[in-house]
Structures are given as structure tokens and as C-alpha cells.
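Chemist: after the sequence you'll find the predicted model.
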Number of protein chains: 2
Amino acid sequence: MAISDAQRTALPTLEDVARAAGVSRATVSRVVNGAPSVSPELQRVVQDAIAAVGYVPNRAARQLITRRSGVIALVMSIAPGSAADASALDAGAPDDAVLRDPAPDGAASEDASPDASADTAVDRVFADPFFGRIVAGVLGFLRPLHLHPLLMLAEDEASRALVLDHLRQGAADGALVVSIDPADPLPGLLVQAGLPAVFFARPERPLPVRYVDLAHQDGGRLAAERLLAQGRRQVAAIAGPLSLHAGRARLDGFCDTMARHGVAYVPYTVGNFTQDSGERAMRELLEREPELDGVFAANDLMAVGALHVLRERGRRVPQDVAVIGFDDSSAAASARPRLTTVRQPVEAMAARMAQLLLERLDEPDSPPRAVLFDTELVVRASG
Amino acid sequence: MAISDAQRTALPTLEDVARAAGVSRATVSRVVNGAPSVSPELQRVVQDAIAAVGYVPNRAARQLITRRSGVIALVMSIAPGSAADASALDAGAPDDAVLRDPAPDGAASEDASPDASADTAVDRVFADPFFGRIVAGVLGFLRPLHLHPLLMLAEDEASRALVLDHLRQGAADGALVVSIDPADPLPGLLVQAGLPAVFFARPERPLPVRYVDLAHQDGGRLAAERLLAQGRRQVAAIAGPLSLHAGRARLDGFCDTMARHGVAYVPYTVGNFTQDSGERAMRELLEREPELDGVFAANDLMAVGALHVLRERGRRVPQDVAVIGFDDSSAAASARPRLTTVRQPVEAMAARMAQLLLERLDEPDSPPRAVLFDTELVVRASG
DNA sequence: GACAGATGTCCATCCTCATGG
DNA sequence: TCCATGAGGATGGACATCTGT
């Protein structure tokens, strides 16, 4: 409380500390920043003065000269550049009500609850366990370094421009971009502007950028080998969107491996990584191939949807039909039966993505680098 | 690419724009900030000059004088102040490996994947669908205002100090705090320091602060009334931690309503809001009350755990046992049978929380205000 | 070379004062 | 008198650089 007033008037500055300690501003600055060349006694004196006056460095002033904000933008980029293959739902998403004045209406009505932003496409991003894992990974790496992520969403041209502006304005030192759509223009825009960015998953168009990615195809292979080892031969797949590299590669890896082992025909259906789409896909596959004994889904959410449909149709898992998912998200462990799945180490990938960005910030001229992560089969009960 | 070099040397400043436009700095500033008193023609001229030289305002310089960062801290606060009742798992959580030098090791080994921060307590926060809903709500409100959330985690004394420092340093203008533990000292610290903050859920100790909260007790009542209307009389409850107001109030509301309708005895077990704890609780309840015909769980995750156990024990839901959850999280809709649940409008609450903070920032002297949200029964298949 | 002081720098905004219409 | 605009110094606070002992 006592501080509250002081705050509103004037916070103590370097100058104040210097005066209190009887040294120069420069010396205080040296102590604050841990410069080596200050005698222990003086350090003590300055530290005491800092504590006495309650000094905290002003980040804006520091940033003005160091040109570092200590902030990293974490961008969830969901919108396609051109009208692309986003699920039909998105079509009618209303624009945000743009408030020009940052000051909210003083007389906001008490009862009318504010907009809850029920935008389906946006909500889906944050509801997906994937988002939480990304955040956990990024935070785990950044926090010990005293850096923090600024959360941004890029879903249309205006919001993409906002991301670029923020970086140019120095609101963040660089961007970690999780881009969902292959037609996303954001990666290209960032590269063109020469802004520091690292991507989760390789951008569709070849760009000289840093990114982390997964050996998707190999993951598909692991799933196939597991099913083959169990003697399953009537297998089917629930693929992700084929417009995405991840969608294609996981399916390819699965089908190729099956073919190599004599299973030439693998019926598949395309979903969109949601549980609902997994249910629809499973129904369709059961109609086409009533005798199937194994299913590979390109992510856990769709696999869970498949589990539901199989149970509803009286197929026992794994006795009648084996199910293998992808990601090893929280959904896999909480499903019943527990889901056998191909692990994607999202947290480690996100952490590494952050590390690559810091490398780029420290050495702007170092060559772009990509890091590929391996998958791993996590055997549980479903297959 | 072309810009990249320019960037490293000198970005254009207001002065440059002024020169290019043949006007004064003041005029450029007026145009940039939308001051009313600039003639349309001049505005045009200045806008063109801005575009021509590629000017973007420097946030640090602006913040230095306006004392606004345009950033809002979103703090997930999970650790208890004293050694409190967090679930046993947390006990051995290792400290972060503190890296003093912000520069990462240049020769980071390629193969050793970086720490994925497998800290269980932290991971649980981000894996919970609750987190995504908070983010979605906050972002939905802040984005149209061109404000952005800075994600922070407070789990021990050091990280709490970091949150306070960031606010004092002006890294963020205020904080939105989602505090899990009742013994959390962060709310008290923020109040004491006079820093602008709004809380999700009322702090345990009475404090003169702004917050949003839910009519938890009323939610418990809705669940009870639903079960009573179905003629269920042998009901049990899976409560949340009783150290939390939300845990107690939901249970109280449920039990009180049952008592008022002649059901005096409601056996209950305490869980910790995870699916696993819900399973354990359900097993225990079935042993104690084999004849039960209705269960109320204090959140959806525990309700889903209960569903699994009931199925495993051959009880049909809802025919034999009705199950009602709480939250209406994504887990409710994706469960089978779909979960009847008490809705907590998390997104709207989070948005409102952000709005309250902006009110406080614009009018520091306005009195603290709390907003209570109502629950609502969402009837699906489970009860 | 170890240490510390003095001063210029980063850039947008606020201010005053003046000017022309 | 009023209004749009110019001109340019002062300001915010920390760091960089240079100098001097």
C-alpha cells in the first residue's frame, strides 16, 4: 500500500541509487548487470542502497538501448492465406468487434457477460491438448533464462500484420510460430521481413528458416510394424488432412510399410484431427471393410473417436480390432482401453524450437538449422 | 532480406519521417497517434512518408514516456505458499536448473534433446482443458484492444518474486492471476505491492481486490436437483479438494439440496480434479455404497474417471447410475456417454477478468469489484 | 590493468513558444 | 480570437563509451 503512492509519482532510478550509495550511475549499472569490475565492498554498498530505496530497473529504458525486450512471441497461426481447406465451420466466423479506443466503456453493463469469443476455429486450437504441450515445453526452456512468451494469434491478414509490427516495434525479440495450415503466408512474411523466427514443422514452401519437425513417416512405420507383428492384415487408416505434410507423411509411412510386408491395400479415410472426424471416419471404414482387424489413426483424438464407434458397434479392442493413435497426448492415456500410440515429443520439440530461436538471436548470421525428432511407440492396451 | 541489414544498423525514426514528409516531428507524432487536429492532406503526406521510409514506432521509447507496455501478464499460480496439501506427486519436483547466462551453450549437443520440463505439477496445469479455456477467453477480449498476454508461471518463491519484478519493471501493466492453491501468497504480495491485478476466483484470505468467481454452491444445487428429479436417492459425490473454496462449495450446495429434499446421507470421497483421482474415488464409493444410483463429480475430468470405473464394473450409465460432472469442459462432450454437467463459463469469466483489469488500469481509484457468474445445467446423456 | 566517474545515446512524447492564416 | 502547424528543447531511465586515476 505504501508503495502504491510512490509508484504513481516517481519510482527510484539509477540516479537515486547512485546518490544514496555515494557512487556514480555507471557503477550502479555495473552492479545491477553483474559486471566483473566492481570491488566487493562497493558492490555491497550499492546492493544495500538498491534495497534501501527499493530500486527496480526500468525495462523500457533498458530496452531502448540494448534493443532486447526479453520477450519471445509465441504465435499460434491458424488461418490459411487464401480460402483454403479449413473445416466448413470456419466459413462464417464473424470478425472481431474492433474497438478503436483502448479504454473500455466505463459503464459496461453488469449483467451482459462480455463476448466469450466463441469462434470455433480459435477455440479448437486452445482446446487441443497440443497447445498445452507446446506452452509447457516453451515455458520450461524459457523460464530458467528469465524470458517469457507473449501469446499471439494469427488468423487473418490483420492479425498477421500485427505480429510483424510487434516484432518490428521490439515488443518481442523473435517469434516461435506454430503454423497449422500449409498455405499460411506468415512464415514467408517473417522471412521476407528478415525477422527472427523459428517454426514448429517445416513450412510447406521451402524457406531458409530454422524449424523443428518430426519423423512423421517413421511414426507411420512404427504403427504398421506393430500391427503386422500382431498378425493384423485387414488394416485401415484414419488420415489427417492430406494438405498437411504431417497428414501425408504419417499415412505414407504406414501404407509403405504395409505394402513392403505384403499388405497392398490399405483403405483410408481423411479426418481433420478432431474426435468427431475420427468417429465419422471409423463409421465409414467399418462400412467399407466390415472385417477389418486394425486401425491406425493419425492422431490420438481421432483414435479416441474410433474407439467410441468400435465399442458402440460391439467390436472389442484390442481383441477384434487393434487401434493405434499418434501423438501420445493426454487423451491417449485417459482413453479406455488406454491407447497404444506413436509418441511425438511435443514438449521437447517446443523447448528445442525456443533454443533455436535464442541461437539465432545471439548469432544472427549462423546458418538456418532444422532439428528432426524421432518417434517412439508407446504400447498400452488398445493395440 | 533487404530490410534485414537496415535493421541491424538503424531503423527509421520519427525524425526521419518528418524529414521525408517535410513536416515537424510533432506533426508526425500527431498523425501516428491519431490526434484530431491534423488536416487530411497533411495526414496523407505523413502516411505516405511513413510507408516510404518503412517507419514503425519504437515501443520502448514510447513506453518510457507513456508508462504503458500494452502487455498484460497472465499468471498461472500453482504452488502453495507453505508446504501445503498439493497432491503427493509434487513433493519431489526438482528445482529448475537455473542458467545464469542467458546465452545458451553454443555447442549444444545435437542429440541430447533439451529438458522437456517433465515437472508433473506444471504439466498438469497446461494439460488441463481449463488452461486453454482461460487463454481463449483472455485472448478474445484483449486482442481487439491490441493488447497481449504475457504468460508467466508462479510456482515457488523465486518465480513469484519474478512476477512482482516484471510488473514493477513495467514489463506488463497488470496481472491476471489464476491461482490454484488457497494458501497461495501471490495475491497478498500483489496487493501489498499495490500492483494492478485481478483474480480468477476469490482469494482465500479476504483482500480488497477485483476478481471473478462462480456461484459454485448453486452449481451443486443444480446437480442435486437434476438427480432428485430423476428419482435418484442413493447418491454419492466425488468432491474436489476441500481446502479449495470451489471444492467445498460445490459439495455443500449438492449436499444441502439433497438434505432439503430428504436425502440426509450423502457419502463422498475427495479427489484432486484429475481423472485418476476420479477413478479411485468411484471405486471407493462403489465399495461403500454398492447400491448407489447417482454420482455428482466436482469436475468433468473426475466424472470421466467415474464413467470408466462404472463401465468396468458393469453398471450402465445412466440406466443404473446417473453421472453429473462440473465445468462443461471439452472432456464432457467427448466422453461416452456424453456427460451431463454443470457449466462454468470459463471463457466469459476470463474475458471479464481482463475487462476488470483494464478498468482498474484506467481508473486506479475505482473501488475493487467482483463479478459472480451463474452456472447452468447442460443436459446430455449421462444423467 | 583494475576500477570508477562523466557524458553521450537510444527515440517518442510533452511542452512551450512562435507563426501564419 | 482561434486553429493548424512548426521548431526544438526537455524528458523518461539505463547502458555504452571514453577518460582518468
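Modeler: On my side now, so go ahead.
Chemist: what pLDDT does the closest residue to DNA strand D within the stretch 151-300 of chain A get?
Modeler: Across the stretch 151-300 of chain A, no residue is closer to DNA strand D than A:Gly170, which sits at 12.9 Å (C-beta to the nearest atom of the strand). All C-beta atoms are positioned from the backbone trio N, CA, C, and that covers glycine. As predicted, A:Gly170 sits at a pLDDT of 93.
Chemist: tally of neighbours for it?
Modeler: 22 (other C-beta atoms under 10 Å in any protein chain shown).
Chemist: ok, now A:His308?
Modeler: Neighbour tally, A:His308, other C-beta under 10 Å: 18.
Chemist: what is the strand or helix carrying it packed up against?
Modeler: Assigned by DSSP states H and E, A:His308 belongs to helix A:300-312. Packing partners of helix A:300-312 (3 or more C-beta pairs under 8 Å, 6 or more residues apart in numbering or on different chains; DSSP states H and E): strand A:235-239, helix A:275-288, strand A:294-297, strand A:322-327, helix A:330-334.
Chemist: show me the contacts for the residue of the stretch 151-300 of chain A closest to DNA strand D.
Modeler: A:Gln63, A:Arg67, A:Ser69, B:Asn58, B:Arg59, B:Ala60 (C-beta atoms under 8 Å, 6 or more residues apart in numbering or on different chains).
Chemist: middle-most residue in chain A, spatially?
Modeler: Residue closest to the mean C-alpha point of chain A, counted by C-alpha atoms, centre = their mean, is A:Ile134 at 4.0 Å.
Chemist: between the strand or helix carrying that one and helix A:300-312, how many degrees?
Modeler: If you go by DSSP H and E, A:Ile134 is part of helix A:129-142. Orientation of helix A:129-142 against helix A:300-312 (axes from the mean of the first three to the mean of the last three C-alpha atoms, to 10 degrees) gives an angle of 150 degrees.
Chemist: now do helix A:129-142, average pLDDT.
Modeler: Per-region confidence: helix A:129-142 scores 96 on mean pLDDT.
Chemist: swap in stretch A:47-64?
Modeler: 92.
Chemist: please apply the same query to stretch A:71-78.
Modeler: 96.
Chemist: stretch A:228-236 now?
Modeler: Per-residue scores along stretch A:228-236 average to 97.
Chemist: what's the span of that stretch, first residue to last?
Modeler: Criterion C-alpha to C-alpha, to the nearest Å; first-to-last residue distance in stretch A:228-236 is 12 Å.
Chemist: which residues touch that stretch?
Modeler: Stretch A:228-236 is contacted from outside by A:224, A:227, A:257-258, A:261, A:263, A:266-269, A:285, A:288-289, A:291-296, A:318, A:322, A:383, using C-beta under 8 Å, 6+ apart.
Chemist: pull the contacting residues for A:Thr274.
Modeler: Here A:Thr274 is in contact with A:Arg124, A:Leu301, A:Met302, A:Gly305 (criterion: C-beta under 8 Å, 6+ apart).
Chemist: the first one belongs to a strand, doesn't it?
Modeler: Same thing as A:Arg124. No. Going by DSSP: H, G, I helix; E, B strand; the rest coil, the assignment for A:Arg124 is helix, not a strand.
Chemist: phi and psi next, for the closest residue in space to it that isn't next to it in sequence.
Modeler: The spatial neighbour of A:Arg124 that comes closest, neighbours along the chain excluded (C-beta to C-beta, 6 or more residues apart in numbering or on different chains), is A:Thr274 at 7.1 Å. Here is the backbone geometry of A:Thr274 (degrees, to the nearest 10): phi -100, psi 160.
Chemist: and A:Thr274, what pLDDT?
Modeler: pLDDT at A:Thr274 comes out at 93.
Chemist: now do the one 4 residues further on
Modeler: A:Gly278 is assigned 97 on the pLDDT scale.
Chemist: give me the element the residue of the stretch 151-300 of chain A found nearest chain B is part of.
Modeler: Among the residues of the stretch 151-300 of chain A, A:Gly194 lies nearest to chain B; the distance is 2.9 Å by C-beta to the nearest C-beta. A:Gly194 belongs to no helix or strand when assigned by DSSP H and E.
Chemist: apart from its neighbours in sequence, what residue is nearest the residue nearest to the centre of chain A?
Modeler: In space, A:Ile134 is closest to A:Ala350, 4.7 Å off (C-beta to C-beta, 6+ apart).
Chemist: from the contact counts, what lies against the host helix or strand of that neighbour?
Modeler: A:Ala350 belongs to helix A:346-362 when assigned by DSSP H and E. Contact analysis of helix A:346-362 by 3+ C-beta pairs under 8 Å, 6+ apart lists helix A:129-142, strand A:174-179, strand A:197-200, strand A:210-214, strand A:370-373 as its packing neighbours.
Chemist: just the angle between that helix and strand A:174-179, please?
Modeler: 140 degrees.
Chemist: what average pLDDT does helix A:346-362 get?
Modeler: 96.
Chemist: list the buried ones in that helix?
Modeler: A:346-361 (16 or more other C-beta atoms under 10 Å in any protein chain shown).
Chemist: cool, and stretch A:63-80?
Modeler: For stretch A:63-80, by 16+ other C-beta under 10 Å, it's A:63-64, A:69-80.
Chemist: cool, stretch A:315-334 as well?
Modeler: Applying 16+ other C-beta under 10 Å to stretch A:315-334 flags A:315, A:317-318, A:321-332, A:334 as buried.
Chemist: what does stretch A:35-43 give?
Modeler: Neighbour counts over stretch A:35-43 (16+ other C-beta under 10 Å) mark A:Val38, A:Leu42 as buried.
Chemist: ok, now stretch A:216-233?
Modeler: Using 16+ other C-beta under 10 Å as the test for burial, stretch A:216-233 gives A:216-228, A:232.
Chemist: same deal with stretch A:242-255?
Modeler: Across stretch A:242-255, burial judged by 16+ other C-beta under 10 Å covers A:Leu244, A:His245, A:Ala246, A:Gly247, A:Arg248, A:Ala249, A:Arg250, A:Leu251, A:Asp252, A:Gly253, A:Phe254, A:Cys255.
Chemist: where's the third one, which helix or strand?
Modeler: Taking DSSP H and E as the definition, one finds A:Ala246 inside helix A:245-260.
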